[in-house]
Each structure stands twice: as C-alpha cells, then as structure tokens.
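**Q** below are the sequence and a predicted model for it; my questions follow.
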Amino acid sequence: MRVLIVKLSSLGDVVHAMPVVHDIRAAHPGAQIDWVVEPGFAALVRRVDGVHAAIECALRRWRKRWWTADVRREWRAFREALASERYDSVIDLQGLTKSALIARMANGTSYGLANRTDGASHEPPARWLVDHAIHVEPHIHALDRSRVLAARALGYRADGVPQFGLRSRLPALALKTVVFVHGSSRDDKLWPEAHWIAIGRRAIDAGWRIALPQAGEAELARARRLADALGPDSEVWPAMDLDALTDRMGATHGVIGVDSGLSHIAVALDLPHVQLYNFPTAWRTGPQAAHGHRHQRSIEGQPTPALEAVWNAWLDVQKAQGA
C-alpha cells in the first residue's frame, strides 16, 4: 500500500499527526508513506519511523512571490513530484482549502474532513475537494482527530497508546537536565519570568541543571535574563534548527514548557513533561492520561498556572517516570 499524508503545518499540528504513520503501518505492514509538509518541518517529518519521503511544499513562501520565475519553477517541480507517484490513498489531515487542493492534485483517491472539530481550523470547501469526506466527532483531541480520520479512511481501528516514532539521536546527558520552554509565538501563552526563576531555583536546589532554548531576539533576551537570575547551573542554548534542537532536547531528562510546538515535541520524545496553559484548551492539544502519558501532565490556570501547581506536577511526573 502507498499512502500520501497531507499535513503542511504548523509545528504542533505536524507533531500531533505523527502517530498516524505508526497506526497505518501496524494495520498495513510494509505500507509506504509519503508526507507533504512545509519545508521548515520536513527534517522533523523525515525522522519519523515509517516515513518514506517528505515532499516539501513551500506554500507560505510561494504566496509571497507567486509571480517570480523561481516560484513558478518550484511549483512545477512540486506538481511533477506529486504526479510521479500513484497512491492507493491520499489523506488530508489538515482540513483547509489549500491542503485539500494538494490532496486533489495527487495521483490517488483522496480523503479528508467533512466537518470542523471544536477549536480547530477547518474550511468548508475542503470537504468538496476530496473524493471522500469523513465525519469526525466534533469534541476531540487534535491527536485523536488525525488518528480517527486516517483509520476511517483506510478501514482499521486506531487503538492503543499513540506512537510518534520520534527519538533523539544523541546519548542522554550525564548531568540531570530539565529544559525550560519559555517561548511561544503568542505572548498570551507565556508564563511570568518570576515564576520561571522561582521554579528554576527549586529545581537547582534539587540537583537539576536548567537548559534554556531560544529563537529570535525576544527569546534570547528572556533566556539571558533567566540565566543571569539562576546562575551557573543554567545554560542558554545557541539558536539551532529544529532537527538539532530535537536531538538536544531528547538527550535531556525532562521539560517544563508553555503551550508551543517545542513542548509538543517533548511529548513526542516521551520525556517527563509539564505543559502550561493560560487557557482551558489542554483537553484539545495537551498530554492526556488517555494517551498513556503517566509521566506527562497539562496544567491550566488563569491568568497563568500557579507556581505551586506546576512544581507539584513536576514532582508527580518524576515519580511516574520512576514507577
């Protein structure tokens, strides 16, 4: 069986779709699975066990320069790549007009979402662009939405704990290290710096080192402020691409992070993890006990999760990891 997945972005959405690959290969051993994805996430998709090829589709960049010869050439090459393979099934996991159009362009029977699910993006034209539109329960976790859609398209049951097929290629660090994912593309998802400093000091007193990833000027400035307050047992990581960052984070011993793509990678790497939500949306994107994540927790709070709740959750996931 040859299957094409269409899931272009964003980072968290791509991570939530990863268990579909394992599900398909469990139901159809030997299935060859390709994946259409934005270039920024292609390296991560290529790491997933069972992915044969990641086909890069730079729609975001192409839209900004659609009139140029370079973009027209890249678009032709992309269309030729899609047309060169015959797929038994093409599954649009995104449910947007652009993703459904790509699924329609591919050489194979296409499947996609028939309806919008709570809190998720969906565009009505998408249901008419695929050959078969499949209804999914409206109140459903983002991860389960992808698993259920693919299972119904290919005629199997998506049972069991999700398997992301993602792992670090580096050995575990010798020193006990916890990553603080303090940055997000949305300021309303951030956790107060005073809380990061307070929980960092508790962790250091308990024998942990603190790692501070960063990307961009704002995150670098915040990481430096946190490191200055926490002292020599903290380290600001240099900026690195997503592939290298996944390796480096996977070599640590746990993550505390705001609701962001990097925190979702921590879940996929099966690290002890506490994910922080300033909104009541953890049910839709956060780690869930139903997914087998005994050593991963979501903590909600308004305007932000309380320091004591986060620290107690961190202690809980450490106990669960050792159980």
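**A** In hand now; what should we look at?
**Q** how about residue 200: what's its closest non-neighbour residue?
**A** Leaving out its chain neighbours, the residue that sits closest to residue 200 by Cβ to Cβ, 6 or more residues apart in numbering is residue 230, at 4.6 Å. Yep, even glycine has a C-beta here, placed from its N, CA and C like the rest.
**Q** quick check: the one you found touching residue 199?
**A** No: under the criterion of Cβ atoms under 8 Å, residue 230 is not in contact with residue 199, lying 10.0 Å apart.
**Q** mind checking which helix or strand residue 61 is in?
**A** Residue 61 is part of helix 59-64, with elements assigned from DSSP states H and E.
**Q** average pLDDT across that helix?
**A** Averaging pLDDT along helix 59-64 yields 86.
**Q** same thing with stretch 42-56?
**A** Per-region confidence: stretch 42-56 scores 97 on mean pLDDT.
**Q** ends of that stretch, what's the gap?
**A** For stretch 42-56, the first-to-last residue distance is 7 Å (Cα to Cα, to the nearest Å).
**Q** and the contacts of that stretch?
**A** 11, 14-15, 18, 21-22, 24-25, 31-39, 78, 81-82, 164-167, 241-243, 246, 265 (Cβ atoms under 8 Å, 6 or more residues apart in numbering).
**Q** if you set the cut-off to 6 Å instead, what comes out?
**A** By Cβ atoms under 6 Å, 6 or more residues apart in numbering, the residues outside stretch 42-56 that reach it are 18, 21, 25, 32-37, 39, 81, 165-166, 242-243.
**Q** now stretch 60-68
**A** For stretch 60-68, with Cβ under 6 Å, 6+ apart as the criterion, the contacting residues are residue 71.
**Q** so for stretch 16-30, what gets flagged as buried?
**A** By 16 or more other Cβ atoms under 10 Å, the buried positions in stretch 16-30 come out as 16, 17, 18, 19, 20, 21, 22, 23, 24, 25, 27, 28.
**Q** what sits opposite residue 91 in the beta ladder?
**A** Per DSSP bridges, the residues bridged to residue 91 are residue 5, residue 111.
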